[in-house]
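>>> next input, structure requested:
(one chain, ligands or ions: 1)
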Amino acid sequence: MVHQVDVVVLGAGASGLMLAAEAAKRGRSVVVLEKANKVGKKILMSGGGKCNFTNLDVEPSNYLSENPHFVISALTRYTNWDFIAMVCEYGIEYEERKHGQLFTLKGAKEILEMLLTECEKAKYVNIQTHCEVQDVQPKADSGFIIDTNQGTYQCESLVVATGGLSIPTLGGSGFGYELAQQFGHHVYPTRAGLVPFTFSDQFKEVTTRLSGNALDATLINDRHQFTEALLFTHRGLSGPSSLQLSNYWHVGESFKIDFFPSQDLTEFFKEKKKAQPKVLLRTLLSEFTAKSIVLELQQLIWAEQSDTRWCRYQRSIIQNDGKQKTERLIFCRRSTGCDRSFRRI
Ligand SMILES: Cc1cc2nc3c(=O)[nH]c(=O)nc-3n(C[C@H](O)[C@H](O)[C@H](O)COP(=O)(O)OP(=O)(O)OC[C@H]3O[C@@H](n4cnc5c(N)ncnc54)[C@H](O)[C@@H]3O)c2cc1C
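Numbers count the residues shown, from 1 in each chain. So this is what the prediction gives:
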């Protein structure tokens, strides 16, 4: 049997559901074809289950894209305030966290329910789960023919909202990229973003030993730097500073970690030189962060001088960061990769 509709949307994630509702509000008949057993699985996982549904400051510069004009035009037509208005209309309670991030108070489920209600309200949306797309072809005149395990669909407009590669268990797949290629579009190479750094050398042993510890640190490469929480894990480094830098990091590139970004070490050392010249460097630094972290840093950076009194340390341990003439304890590391679980296997 051939089903005739105006719009076929492939994928019932956040994008597919939002689009289906909007298209139906314009009077178009819409069918959403979803391969999984349930819709919106990634929404439910988002923001640790609380969904960071938008931010107070949303600018085109916040988006990484090969085509920045697309984001400018999209944000001109639909802003974060439009979405906040919809959330308020549904009475969904939310809170503001760091950097103006907005999270639901009761859970991501409310955002999914809101999108499904929008689809229901629009009347012309039909959602099919367990639907395997077998073939997509252009129609001779115009439009598309989609063969699935639930029959054939013919439509004027086809929307591919099948998401990216991350977390295959939540529906992540390369289907969208393959379809784009089939229709002659250029596909840029993909790479993991917003992911932890993993290590395979002795530094992995360090992060494993420190696993669970966190501190504020600055992660720096040639182009960007982020000062946020840094979390040690069994596989490497995570936390907001790592996730942010991963967006601007290329495989094999080294980056630096400033473990004491908010301390004016120059002043601190000057003062201590007079007040406590015999103290060990590790004792001094333990004033700022957990002793276990300082001990591991000592092993990595100044192990040979670990029992030298502070005033006799060689200056090379403490780097001078050039222009600002402030002293920083900076550690340079090369990661072997971003977390593989987020990559296509
Ligand atoms: C752990 C985690 C936390 C996150 N937290 C946040 C957050 O707090 N805030 C935020 O804004 N973003 C967050 N994100 C990112 C956000 O979840 C995604 O950017 C967003 O869900 C992408 O939506 P989408 O509709 O494009 O794709 P998806 O949600 O991936 O949806 C795509 C859908 O298409 C289906 N599909 C795939 N292939 C086919 C096919 N061949 N045929 C039919 N259907 C198919 C999939 O099953 C899936 O349901 C988070 C992501 C993760 C992994």
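
>>> what mean pLDDT does whichever strand or helix holds residue 23 get?
Secondary structure assignment for residue 23, by DSSP states H and E: helix 14-25. Model confidence over helix 14-25, given as mean pLDDT, is 97.

>>> may I see the buried residues of it?
Applying a neighbour-count criterion of 16 or more other CB atoms under 10 Å, one finds 14, 16-21, 23-25 buried in helix 14-25. C-beta: built from backbone N, CA, C; applies to glycine.

>>> so which strand or helix has residue 205?
When elements are defined using DSSP H and E, residue 205 is found to belong to helix 202-209.

>>> any buried residues in that helix, and which?
Buried residues in helix 202-209, defined by neighbour count with 16+ other CB under 10 Å: 203-204, 206-207.

>>> would you mind listing what in the stretch 151-300 of the chain touches the ligand?
161-163, 166-167, 171-173, 175 (CB under 6 Å from any ligand atom).

>>> which of the residues you listed tops the neighbour count?
Top of those by neighbour number is residue 162, holding 25 neighbours under the definition other CB atoms under 10 Å.

>>> ranges for the strands of the stretch 101-250 of the chain?
Taking DSSP state E, counting those that start in this stretch as the criterion, the stretch 101-250 of the chain contains strands spanning 101-104, 125-128, 133-138, 144-148, 151-160, 197-198, 214-220, 225-232, 236-238.

>>> mind putting these into TSV with distance to residue 337?
Written out in TSV, the entries for those read as follows (distance: least, CB to CB, whole Å):
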stretch	distance to residue 337
strand 101-104	27
strand 125-128	37
strand 133-138	31
strand 144-148	36
strand 151-160	28
strand 197-198	5
strand 214-220	16
strand 225-232	17
strand 236-238	9
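
>>> also compute the angle for the helix holding residue 205 relative to strand 225-232, please.
Between helix 202-209 and strand 225-232, the angle comes out at 60 degrees (axes from the mean of the first three to the mean of the last three CA atoms, to 10 degrees).

>>> chain center to helix 202-209, what's the gap?
Offset of helix 202-209 from its chain centre (CA atoms, centre = their mean, to the nearest Å): 24 Å.

>>> repeat that for stretch 94-113.
On CA atoms, centre = their mean, the centre of stretch 94-113 falls 16 Å from the chain's centre.

>>> buried residues, it. List them.
Residues of stretch 94-113 classed as buried: 94, 102-104, 107-108, 110-112 (neighbour count, 16+ other CB under 10 Å).

>>> of the strands of the stretch 101-250 of the chain, which is nearest residue 247?
Proximity to residue 247, assessed across those by CB to CB, is greatest for strand 225-232 (9.4 Å).

>>> can you list contacts of the closest one?
Contacting residues not belonging to strand 225-232 are listed as 206-207, 210-219, 237-242, 244-245, 257, 261-262, 293 [CB atoms under 8 Å, 6 or more residues apart in numbering].

>>> adjacent strands (with direction) for that strand?
strand 214-220 (antiparallel), strand 236-238 (antiparallel) (DSSP bridges).

>>> residues in contact with the last one: which ones?
I take that to be strand 236-238. Taking CB under 8 Å, 6+ apart as the criterion, the residues outside strand 236-238 that touch it are 196-199, 203-204, 207, 230-232, 242, 335, 339.
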